[in-house]
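Colleague: Sequence first, then the predicted structure, then my questions.
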Amino acid sequence: MPHKTLAYYVAHLGEDIPAGVVVFLVALPLCLGIAVASGAPPFAGIVAGVVGGLVVSIASGSQLSVSGPAAGLTVIVAAAMESLGFRGLLVAIALAGVMQIAMGFARAGVIGAYFPSAVIKGMLAAIGIILIMKQVPHAVGFDADAEDDLSALQENSHWALRMIFDALSSMTPGAAVISLVCVAILLTFERPAIKTHRWLRLVPGPLVAVLFGIGFGVFAAHFAPALALEPEHFVRLPVLSGAADLVGQLSFPDFSLLTKPGVWTTAATLALVASLETLLSLEAVDKLDPMKRTAPTNRELKAQGLGNLISGLIGGLPVTAVIVRSSANIDAGGRTKASCFSHGVLLLFSALFLASFINLVPLSALAAVLLLTGYKLAKPKLFFESWEKGFDQFAPFIVTVLAILATDLLKGMAIGMAVGLAFVLYANWESAISLTRDGNHYLLRFKKDVSFLNKAPLRAYLESVEEGGYLIVDGARAGFIDRDILETLEDFIKAAPEDGIHVELRNIRGLVRRAPLTDQPLVAAPSNTI
């Protein structure tokens, strides 16, 4: 992407500043909600949003992508919070940033192309399911179990149902009312009539839901004590009096934990999943960009790595490029990265001066936002669409979902990849070679590259050639023929005369064999008959 001058950004400020305001209004509740869902301090979500807006936007080559804390990383972050603690998590986030920077210099921006889409969709669906289950307690005001292990089925297959039943039986009425109404508001703002309206589409549904939650909480506290919420049901953001207090609220990693294997495993998982989510989001943003610009993927990995390194060093959650905020940026008329930068400035301003107001936000309102986010990741339509694409697509998808729920994110994706690879190998094994028969004439055709994986079906086809048959072996469509395949043909050619079988080779290169009646080596020509 060509370098943009300062004049380029100034020329688009009229579109970018209003778009940045919209992105800020969308990002604020998401930053807080994702932090709560991860079991981290809410302030860590704000820090990550500020880093994504002020740091990543400058380093990135994308003009419209918005970075910040992502719902797709809540599973990893919550597990790390339990096993490593917050300061250990920060070490892992900083390490993940270094890994991403190294990946960028290694030109690993194509990594997303090597993961089957079925596995990636399965990963996102599993995260959506876990997100929904983890937000049910917050949605009904039952927070005692809210920070349990996110591997929902790992220790007890009935864990999720038990947690939900416990939450529903001990709910706080006011919290349940807030979450139900907020979900209704969010669904209303998803309606086509709202999305196509010139002005209403610029109003973020999550912001309206959060404002309702604030209003209801204040109203109940003064006029409806039966529906009033306890202090623990609200966001707890430190109230700052200025920049000096901001520095005092920052958390820093404990590098003495570098010796713990779990820190390195978490860092590698964060680097991989954050990079995948970033690259997929980047591809989607490039398609939505009205100016049809293409962002450099390797530079994006470096930018995200820098963001995670800084976020980990100052107490923020991991960041990725996120499609929800990026699409809001595009819909609001954003044209350059100035819109993302301005949303970061506004997030920093809110942390400095609006903490008292933000602390009026009920956790149940944020839970409603995340419930809908989880539903979008794991909606039933996604499962039906995967099934309709065929079993070779559905199997890796559903195995990935179940494996992540039963183990953890990294193991689940590895299992899903193994299943996807098995289907690829089976498809290659099944379709690389074909045998056609007409009387005692046989045509054995290599329809694409053949390797040792195709040796078993090749032997089966050769054994099916009857005595006195005439076999043509055609390799015109194969750019590569493995040495194991050539040796199998050599062995068959040597034994063929005993059964009266004639073999004609066409476009088989590299075959060396011995003639049946002489001891002189012969090299097969592109087309010849024995």
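Modeller: The structure has been received and is ready for your questions.

Colleague: From now on I want contacts and neighbour counts done on CA atoms only, so please keep to that.
Modeller: Will do.

Colleague: Output the contacting helices and strands for the longest helix belonging to the chain.
Modeller: The single longest helix within the chain, with elements called by DSSP state H, is helix 74-105. Here helix 74-105 touches helix 13-38, helix 117-139, helix 261-288, helix 297-314, going by 3 or more CA pairs under 8 Å, 6 or more residues apart in numbering; DSSP states H and E.

Colleague: Give the residue spans of the protein that score low on pLDDT.
Modeller: Applying pLDDT under 70 to the chain picks out residues 1-3, 113, 143-170, 202, 242, 427-430, 510-530.

Colleague: What residues of stretch 209-218 count as buried?
Modeller: By neighbour count on 16 or more other CA atoms under 10 Å, the buried set for stretch 209-218 is 209-214, 216-218.

Colleague: no no, stretch 472-486
Modeller: Residues 472-475, 478, 481, 485-486 are the ones in stretch 472-486 that count as buried (16+ other CA under 10 Å).

Colleague: For the residues you listed, which two are the farthest from each other?
Modeller: Spanning the widest gap among the buried residues of stretch 472-486 are Ile472 and Ile481, at 16.3 Å by CA to CA.

Colleague: Which residue comes closest to Ala92 once chain neighbours are left out?
Modeller: Ala267 (4.5 Å; CA to CA, 6 or more residues apart in numbering).

Colleague: mind listing what the one you found touches?
Modeller: By CA atoms under 8 Å, 6 or more residues apart in numbering, the contact set of Ala267 is 92-96.

Colleague: buried subset of these?
Modeller: Buried subset of the contacts of Ala267 (neighbour count, 16+ other CA under 10 Å): 92-96.

Colleague: Make sure Tyr412 is actually in contact with Ala403.
Modeller: No, residue 412 isn't Tyr; it's Gly. Yes - Gly412 lies in contact with Ala403 (CA atoms under 8 Å); the separation is 4.4 Å.

Colleague: and the longest helix of the chain, how far from the chain's centre?
Modeller: Its chain's C-alpha centre and that of helix 74-105 lie 16 Å apart, by CA atoms, centre = their mean, to the nearest Å.

Colleague: Only the buried residues of it, if you could.
Modeller: Quick answer for helix 74-105 (16+ other CA under 10 Å): 74-82, 84, 86-104.

Colleague: and it with helix 13-38, angle?
Modeller: Helix 74-105 and helix 13-38 meet at an angle of 130 degrees, taking axes from the mean of the first three to the mean of the last three CA atoms, to 10 degrees as the criterion.

Colleague: hang on, the earlier thing: hey, which of the helices and strands packed on helix 74-105 is tucked in deepest?
Modeller: Counting by mean count of other CA atoms under 10 Å, helix 297-314 has the highest mean neighbour count of the helices and strands packed on helix 74-105, with a mean of 27.

Colleague: who does it touch, helix- and strand-wise?
Modeller: Using 3+ CA pairs under 8 Å, 6+ apart, the elements in contact with helix 297-314 are helix 42-51, helix 57-59, helix 74-105, helix 261-288.

Colleague: Those helices: which one's closest to Phe115?
Modeller: Closest approach to Phe115 among the helices and strands packed on helix 297-314 (CA to CA): helix 261-288, 8.8 Å.

Colleague: got the angle between the closest one and helix 297-314?
Modeller: Going by the same axes, to 10 degrees, helix 261-288 makes 130 degrees with helix 297-314.

Colleague: quick one: helix 261-288 to chain centroid distance?
Modeller: Worked out by CA atoms, centre = their mean, helix 261-288 lies 6 Å from the chain centre.

Colleague: now the angle from it to helix 117-139?
Modeller: Here the directions of helix 261-288 and helix 117-139 differ by 110 degrees (the same axes, to 10 degrees).

Colleague: Now tell me what touches stretch 442-461 from outside.
Modeller: For stretch 442-461, the external contacting residues (CA under 8 Å, 6+ apart) are 425, 428-437, 465, 469-485, 488.

Colleague: 6 Å instead?
Modeller: Residues outside stretch 442-461 that contact it (CA atoms under 6 Å, 6 or more residues apart in numbering): 429, 432-436, 471-475, 477-482, 484-485.

Colleague: Okay, and which of those residues map to strands?
Modeller: Secondary structure defined by DSSP state E assigns 433-436, 471-474 of the contacts of stretch 442-461 to strands.

Colleague: what's the closest of those to Val22?
Modeller: Lowest distance from Val22 to those (CA to CA) belongs to Ile433, with 56.6 Å.

Colleague: And for the closest one, the neighbour number?
Modeller: The tally of other residues near Ile433 (other CA atoms under 10 Å) stands at 21.

Colleague: quick one: contacts for it?
Modeller: By CA under 6 Å, 6+ apart, Ile433 lies in contact with 445-447.

Colleague: can you check Leu309 too?
Modeller: With CA under 6 Å, 6+ apart, Leu309 has these contacts: 94, 97.

Colleague: Phe349 versus that one, what's the distance?
Modeller: In this view, Leu309 and Phe349 are 22 Å apart by CA to CA, to the nearest Å.

Colleague: just Pro261 next, same as before
Modeller: As judged by CA to CA, Pro261 and Phe349 stand 38 Å apart.

Colleague: Tell me the one among the buried residues of stretch 472-486 nearest to Ser326.
Modeller: For these, the closest approach to Ser326 (CA to CA) belongs to Ala478, at 44.0 Å.

Colleague: list the contacts for that closest one?
Modeller: By CA under 6 Å, 6+ apart, Ala478 lies in contact with 446, 448-449.

Colleague: Repeat that for Val419.
Modeller: So, once contact is read as CA under 6 Å, 6+ apart, Val419 ends up touching Pro396.

Colleague: buried residues in the host helix or strand of it?
Modeller: Val419 is part of helix 409-431, with elements assigned from DSSP states H and E. Across helix 409-431, burial judged by 16+ other CA under 10 Å covers 409-410, 412-413, 415-420, 423, 428-429.

Colleague: In TSV: these, plus distance to Pro231.
Modeller: Formatted as TSV, the buried residues of helix 409-431 follow (distance: CA to CA, whole Å):
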residue	distance to Pro231
Leu409	33
Leu410	36
Gly412	38
Met413	39
Ile415	43
Gly416	43
Met417	45
Ala418	47
Val419	48
Gly420	48
Phe423	53
Asn428	60
Trp429	62
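
Colleague: Would you check which pair of the residues you listed lies furthest apart?
Modeller: Across these (CA to CA), the longest gap, 30.0 Å, separates Leu409 and Trp429.

Colleague: Closest to the centroid, which residue in the chain?
Modeller: Glu277 (3.9 Å; CA atoms, centre = their mean).
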